[in-house]
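>>> Sharing a model that was predicted from the sequence below.
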Amino acid sequence: MKTFSKTPAEGEDFRIISCPVCGSGEFRNKWEIEGASFVSCLDCGLIIQNPQPVRDALAARYDAEYFTYEIENEESFFTLMMLGLKDAGFFENIVPTLPEERRILDVGCATGRLLRHFKQSGWETAGAELCRESVEYGNRVYGVNIKAAPMEEAGFTDAGFSVIHASHLIEHVDDPAAFTNEVTRLLMPGGVFICVTPSTDGMQAKLFGSSWRSAILDHVTLFNKRTLSRLLGNSGLKVETVKTWGGLAVGISPAWLKKPVDKLAKKWNFGDVVLMVARKPR
C-alpha cells in the first residue's frame, strides 16, 4: 500500500527544473505514475518529478484532509520519530556535543507532537508547517510556536537553532538545495540537522519500482544515501551518521519473514528509509 498522497487539483502549474543536487539538465525516464513523470539524473542518479508542480500548487495539497490524516496517525508517527532519534544516538551521543542553547526547529512538524516532547524536556521549540489546520492545532493544544509557512519564508533568525529536524519532509520540497542552504543559515555553529526520508537505495524501492509505497505524487524528489549526502555537503554540512531501517512493509510479507529482513536492512543499510545527521562546522 502506498503512502497517503493528495490528488492534484485540476490546472496545476508545472515547471521544468535542473537537478537540485548536481545541476545537470540531463535525465532518463524512470517511472510514469498517475500522469507524473519521474526521471533519473544522468549525472548523480537523483530521482525527481520533472516537470514538477510549482510551490504554490504543492502547498495547496496540505489542507484539512491532510490534517485529518496527520491527527489520526499522530502518536504512531511520534513513536517512529523517537525510534529514529534513538537509532541515531541522539540523546546519548549527540545532545552532549551541541551548543549550550537547547533550541529545536521541526520542519514539516504537522501537529507539533515531537515539539511537545522537547518542550516538556526543557527545550525551546519552533516549527514550520504548511497545513494551517495542523499549525492552529499545535499552537493551541501544545503551545510549541509553529509558523504557517515554509521554513525559508518563516522569518527565523541566523544561527538560531542547535537542532533542526525534518522527518519525511525533504522529499516534498520543491527546491531542496535552497532548503538545505537555509538549514545551514539557521543552525548554530556545531548544531545538527537530522533528516529522514525514503531511500531509493532500499530493497523495497528496488523490488517494487513505480509501485513502491514512496513513489507518490506528493514526493517530488527521491534521494538515496549518496545523493542526500552530496546535497548536504553542497550546503556546507558534514554528515556524521547514516542509518536506515525498514526491510519489508507491513502487509507484504508474513511476520516470520518481515522481522529478520528488517533486522538485516538496519544492519546492512539497505532499509526503505534513511536518516542522516549532519553538522554545521564550528
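Arrived safely, thanks for sending. Given the structure is predicted, the values throughout are model-derived calculations rather than measurements. Residues are numbered from 1 along each chain as shown.

>>> Give me the contacts around stretch 64-83.
4, 6, 110-111, 113-114, 117, 131, 133-134, 137, 165, 167, 196 (CB atoms under 8 Å, 6 or more residues apart in numbering). Every residue, glycine included, has its C-beta placed from N, CA and C.

>>> out of those residues, which are buried?
For those, a burial check counting by 16 or more other CB atoms under 10 Å picks out 6, 110-111, 113-114, 117, 131, 133-134, 137, 165, 167, 196.

>>> Which ones among the residues you listed map onto helices?
113-114, 117, 133-134, 137 (DSSP state H).

>>> what does the model give Cys19 for pLDDT?
On pLDDT, Cys19 comes in at 98.

>>> correction: Ile252
pLDDT at Ile252 comes out at 76.

>>> Could you measure from it over to Leu80?
18 Å (CB to CB, to the nearest Å).

>>> higher neighbour count, these two?
More crowded of Ile252 and Leu80, by other CB atoms under 10 Å: Leu80, with 17 against 13.

>>> That one: which element?
helix 74-87 (DSSP states H and E).

>>> and that helix, how far from the chain's centre?
Helix 74-87 has its average C-alpha position 13 Å from the chain's average C-alpha position, going by CA atoms, centre = their mean, to the nearest Å.

>>> where along the protein do the helices fall?
55-59, 64-72, 74-87, 113-120, 132-137, 176-186, 203-208, 225-234, 255-268.

>>> Which one of those lies nearest to Val21?
helix 225-234 (5.0 Å; CB to CB).

>>> just to revisit the earlier point, tell me the two of the buried ones among the contacts of stretch 64-83 that are most distant?
Farthest-apart pair in those is Lys6 and His117; separation 27.5 Å (CB to CB).

>>> quick one: contacts for Lys225?
Contacts for Lys225 (CB under 8 Å, 6+ apart) come out as 199, 201, 242, 244, 269, 274, 276.

>>> Just list the residues touching the residue nearest to Gln204 when sequence neighbours are not counted, thanks.
Nearest non-adjacent residue to Gln204, counting by CB to CB, 6 or more residues apart in numbering: Asp272, 4.5 Å away. By CB under 8 Å, 6+ apart, the contact set of Asp272 is 198-199, 202-205, 213-214, 244-247, 249, 265.
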